[in-house]
Each structure stands twice: as C-alpha cells, then as structure tokens.
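> 3D model of this:
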Amino acid sequence: MKTRLLDPVRALLLTTCTPDDTKVPACARSIHAAGGEVDVAGERFFGQAYWSRAIRNRVRLPHPRDGAAYVDEINRLAPSYGWNVLLPLNDYTMHAVVTNRNRLAPALRAALPDPEAWHVSRDKLRITELANRIGVAAPLTFCPQDEQEAAEAARATGYPCVVKLRRGCGAVGRRYVSSEAELKAIFREGRKPSDTVFDFEQLLVQQWIDGEPRDACAIFAHGEPRSVYVQKKLRTWPVDGGRATIVETIEDPAVREAGLAIMRALRWHGPIQTEFRVERRTGKPYLLDINGRTWAAIALSVAAGLDFPAMYCRLALTGELEPSFDYQPGVRFRWPFPFALLSLTRSSDRLQVLKDFLLPAANTFSDLRWDDLGPALAELLFAALRAGRLFGLGPWP
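Residues are numbered from 1 along each chain as shown. Sure thing, here's the model as predicted:
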C-alpha cells in the first residue's frame with residue numbers, strides 16, 4: 001500500500017547543477033505519489049534532477065555559496081508558490097539552509113540538525129574523534145601539516161593508506177597511496193581553493209580498511225531514531241568506493257547499532273547516513289563517513305517499505321514522526337544509467353556488469369522508469385555535453 005501524507009504538502013526540493021543527481025527524482029516521485037506537490041530549485045536546469053513528471057515547477061535560484069542571499073531568495077519566492085516544506089538534497093543546499101535557519105520564513109518548515117552537529121558530520125577528523133569517544137571503531141586518522149608529518153602518519157597507519165579531504169563529499173579528492181614517495185608527492189601538489197563544501201587545503205591520512213561497504217540509514221527526531229535500515233553496496237562509482245550504484249537492504253545489527261550510536265551522540269534531527277566498512281578479517285564495522293542529509297540511494301528505502309521522503313515531510317511539518325522500523329531485507333535497487341556504462345570502462349568482466357545492471361531479477365528495482373523517462377533523457381544530454389567539453393567541443397553547462 002502506498003504511503004499517503006496526512007497534511008497538505010507543497011515541497012521545494014533544493015539542489016544544484018550536479019551530475020547523476022538521483023536523489024531528486026527519487027524524492028519527487030515519492031512525495032508526489034504520497035499526495036504532495038513538488039517543485040525543484042537549482043541554478044541551471046541540466047541533468048536529471050529537474051525533469052521528472054512528478055515535478056510541478058522548476059525554479060531558478062542562485063548557487064547557495066552565499067547562504068544568506070540564497071535563503072532570502074527562497075523567502076521572497078515562497079508566497080507565490082505556496083511552499084510549506086523545504087528539503088535540501090546536497091551539501092551545498094544543506095549548508096546554506098542549516099547555517100541560515102533563523103532567516104527562514106515561518107511558513108517554511110524543514111527537518112534540520114543543530115548547526116554544530118552539522119559541522120561535526122562534515123569534518124572527517126572530528127567524526128573519527130567522536131567515534132573513538134563513544135566506542136565506535138574508526139580507522140586511524142591524522143591531519144598532517146606537511147609531507148614529513150604525512151610520512152609519519154602513514155608509518156602509523158601502514159600502507160596502503162588513504163588520503164582524503166578533511167571536509168568534502170563523495171569520492172572527491174580521495175586517493176589510495178601505496179608508498180611514501182607517492183604520499184609525499186601528493187602533499188607537494190598545489191591545492192584548489194576551498195569553498196563551503198570542499199576543503200582542499202586540509203588533507204587527512206587514514207588507515208585503509210580491507211572490507212565491504214555497508215551503511216546505516218535513518219531518520220531521526222530530536223536525537224532519537226524514527227526509522228532505520230542497513231544497506232550493502234554491491235557496486236559503487238567510482239568502482240573502488242563511492243556512491244552506491246547497486247545496493248541491497250540487509251540485516252546487520254552491528255552496523256545498525258554503531259550507526260545509531262553516532263547519530264544519537266550528535267542528537268540528530270532529520271535524515272542521516274553513516275558509512276562503514278566491515279573488515280573482512282574480523283567482521284568489525286569501521287566508521288568512514290557521515291552524510292548528514294538525504295543520501296544517493298534514498299530510492300531503496302521506498303522500495304523496501306520505508307518511504308523516507310514522505311516521512312521527512314511529516315517530520316518537517318509536525319516536528320515529530322511515528323516510529324517505523326519494519327523493512328524487507330534482500331531488496332535491491334540499481335541505477336543503470338550512466339553507471340552501467342561507466343562501470344564497463346573499469347571492469348574486466350563486462351558481461352557480469354551488464355547482468356548486474358540490466359538482467360531482470362526478483363525484488364530488484366531501478367530508477368529507469370518507462371512512465372517517467374525525462375530524468376534519464378536529460379542525464380543522457382547532460383553527459384553528452386560534458387563529454388563534448390572534454391573534447392573541446394564547447395563549454396560545460
């Protein structure tokens with residue numbers, strides 16, 4: 001039975017011009033199916049985020065780097081569109097809204113964490129310190145200031161080790177390092193300028209955990225869980241670890257409890273994902289990252305019986321949410337385009353890639369919907385335009 005919203009919902013989904021932005025169509029479809037009206041806002045309407053049939057209006061907003069101006073523009077437009085729920089769907093929009101929450105018009109409701117909890121969730125060094133403090137396993141992590149300190153840190157973690165941005169998202173800036181010479185070369189490189197999401201100036205050296213990626217995904221109300229499930233990433237992009245491209249619901253009490261411990265320690269409010277790697281040798285989950293907002297594989301929750309986007313709307317409007325913890329293990333969700341094509345370029349077993357992404361299977365769902373092809377077609381055009389830029393055929397949109 002489909003979820004139905006109890007209150008009238010006119011939701012504005014907030015994103016930016018981001019490739020492969022699968023969260024937006026998933027949330028739009030869910031909220032629309034539950035009886036809500038959905039608009040989506042961004043600075044440029046390229047990519048799949050803006051073209052689902054579930055979306056009523058596409059609204060142009062400035063990029064949220066200037067968070068105060070961004071929120072002020074939302075306030076200015078809200079009365080004409082009638083929005084009553086805001087759902088920020090990436091780190092840029094979350095940061096703008098969380099850090100300017102006091103500027104939001106009273107009619108606009110959002111389920112947002114405390115600003116300090118948000119800042120901790122984005123800082124990978126503070127994440128490991130929090131985990132160590134409450135007894136959740138985390139990789140050894142150091143924040144060296146120069147190449148010599150980096151070499152000392154790697155001697156403590158051992159090789160291979162991981163170099164990553166102290167603050168960022170996805171696999172941006174992450175590299176696996178197998179020697180001291182390679183490590184020192186990274187720390188000698190010039191750095192890009194940082195912004196509100198990515199800190200390219202502070203790099204971490206972290207212990208590499210040989211294991212399987214699993215996540216605890218939840219929605220919290222005032223520090224307590226209202227729904228949670230565990231997912232196993234069967235394929236990712238990049239293929240050596242990143243966003244889920246094929247993912248499955250599982251039961252894993254150790255990952256679930258470790259994730260809930262972190263979320264409770266943050267006294268979280270709203271959606272949150274904790275990413276773990278379960279060590280092959282010991283079966284022990286190590287906390288790698290926190291996504292303190294809606295995650296890329298949110299569509300899996302709906303397929304497994306937990307409609308997180310609709311839950312978010314209820315939480316935003318009322319401040320509370322009835323607990324709902326029953327979900328179906330063994331449900332898979334996959335994103336064939338563009339990730340089947342991308343994975344083919346990085347796999348020695350291309351037939352298996354095609355089977356995994358395209359072969360019909362029980363309890364397996366996909367975001368490629370014949371009744372809503374707009375997102376896939378828009379992403380195809382966006383990918384072509386980006387490819388053209390690589391070959392010097394024109395600017396990237």
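> what residue of the chain is the furthest out?
Ranked by distance from the centre of the chain (C-alpha atoms, centre = their mean), the top residue is Gln148, with 33.4 Å.
> so Asp372 sits right up against Ile55, yeah?
No - under the criterion of C-beta atoms under 8 Å, Asp372 is not in contact with Ile55, lying 10.0 Å apart. In this view, the C-beta of every residue, glycine as well, is placed from N, C-alpha and C.
> give me the contacts around stretch 312-322.
5-7, 9, 11, 27, 31, 34, 36, 84-87, 109-111, 219, 221-222, 226-227, 270-271, 294, 311 (C-beta atoms under 8 Å, 6 or more residues apart in numbering).
> now, which of those residues lie within helices?
Cys27, Ile31, Met311 (DSSP state H).
> check contacts around the second one.
Right, the one you point to is Ile31. Leu5, Val9, Ala11, Val38, Ala54, Pro309, Ala310, Cys313.
> how far away is Ala303 from Gly270?
According to C-beta to C-beta, to the nearest Å, Ala303 and Gly270 sit 21 Å apart.
> re the thing from before, out of the ones in helices among the contacts of stretch 312-322, who's nearest Trp335?
Ranked by distance to Trp335 (C-beta to C-beta), the ones in helices among the contacts of stretch 312-322 are led by Cys27 at 14.7 Å.
> any idea how far Pro375 is from the closest one?
Taking C-beta to C-beta, one finds Cys27 at 12 Å from Pro375.
> re earlier: ok, the ones in helices among the contacts of stretch 312-322 vs Leu354, which is closest?
Cys27 (28.6 Å).
> residues near Pro8, how many?
12 (other C-beta atoms under 10 Å).
> partner residues bridging Phe220?
Pro225, Gly270 (DSSP bridges).
> report the contact partners of the most centrally placed residue in the chain.
The chain has Trp295 as the residue nearest its centroid, 3.1 Å off, counting by C-alpha atoms, centre = their mean. Contacts for Trp295 (C-beta under 8 Å, 6+ apart) come out as Lys23, Asp215, Cys217, Pro271, Gln273.
> so among those, where is pLDDT lowest?
The lowest pLDDT within those belongs to Lys23, which sits at 95.
> which helix runs longest in the protein?
The chain, longest helix under DSSP H: helix 374-390.
> which strands and helices sit next to that one?
helix 336-344 (3 or more C-beta pairs under 8 Å, 6 or more residues apart in numbering; DSSP states H and E).
> the helix or strand just after the helix it packs on vs helix 336-344, what angle?
Next along the chain after helix 336-344, taking DSSP states H and E as the criterion, comes helix 350-358. Interaxial angle of helix 350-358 relative to helix 336-344 (axes from the mean of the first three to the mean of the last three C-alpha atoms, to 10 degrees): 160 degrees.
> in its sheet, what does whichever helix or strand comes after helix 350-358 sit against?
Where DSSP H and E defines the elements, the next helix or strand beyond helix 350-358 is strand 364-366. Here strand 364-366 is paired, per DSSP bridges, with strand 332-334 (parallel).
> now do the strand it pairs with, average pLDDT.
Rounded mean pLDDT across strand 332-334 is 97.
> determine how far the lowest-mean-pLDDT helix or strand in the chain lies from the middle of the whole chain.
Least confident helix or strand of the chain, by mean pLDDT, DSSP states H and E, is helix 374-390 with a mean of 78. Relative to its parent chain, helix 374-390 has a centroid offset of 21 Å by C-alpha atoms, centre = their mean, to the nearest Å.
> in that helix, what counts as buried?
Neighbour counts using 16 or more other C-beta atoms under 10 Å place Gly374, Pro375, Ala376, Ala378, Glu379, Phe382, Ala383, Leu385 of helix 374-390 among the buried residues.
> stretch 329-338 too?
Val331, Arg332, Phe333, Arg334, Trp335, Pro336, Phe337, Pro338.
> cross the contacts of Trp295 against helices and list the overlap.
Using DSSP H, the contacts of Trp295 in helices are Lys23.
> now for the contacts of Trp295: which two are most distant?
It's Lys23 and Asp215 that sit farthest apart of the contacts of Trp295, by C-beta to C-beta, at 14.4 Å.
> please name the bridge partners of the closest residue to Thr157 other than its chain neighbours.
Spatial nearest neighbour of Thr157, chain neighbours left out: Gln207 (4.1 Å); criterion: C-beta to C-beta, 6 or more residues apart in numbering. Gln207 has the following beta-bridge partners by DSSP bridges: Cys161.
> so what's Gln207 up against?
Pro139, Leu140, Thr141, Thr157, Gly158, Cys161, Val162.
> could you rerun that using 7 Å?
By C-beta atoms under 7 Å, 6 or more residues apart in numbering, the residues touching Gln207 are Pro139, Leu140, Thr157, Gly158, Cys161.
> so which of those sit within helices?
Thr157.
> returning to that earlier point: any idea how far Val136 is from the residue nearest to Thr157?
In terms of C-beta to C-beta, Gln207 sits 15 Å off from Val136.
> can you check Ala41 too?
The value you get for Ala41 to Val136, if C-beta to C-beta is used, is 36 Å.
> then Tyr92?
In this view, Tyr92 and Val136 are 28 Å apart by C-beta to C-beta.
> the more surrounded of the two?
Shown here are Tyr92 and Val136; by other C-beta under 10 Å, Tyr92 has more neighbours (24 against 21).
> ok, and the closest non-adjacent residue to that one?
Per C-beta to C-beta, 6+ apart, closest to Tyr92 is Pro64, 4.9 Å.
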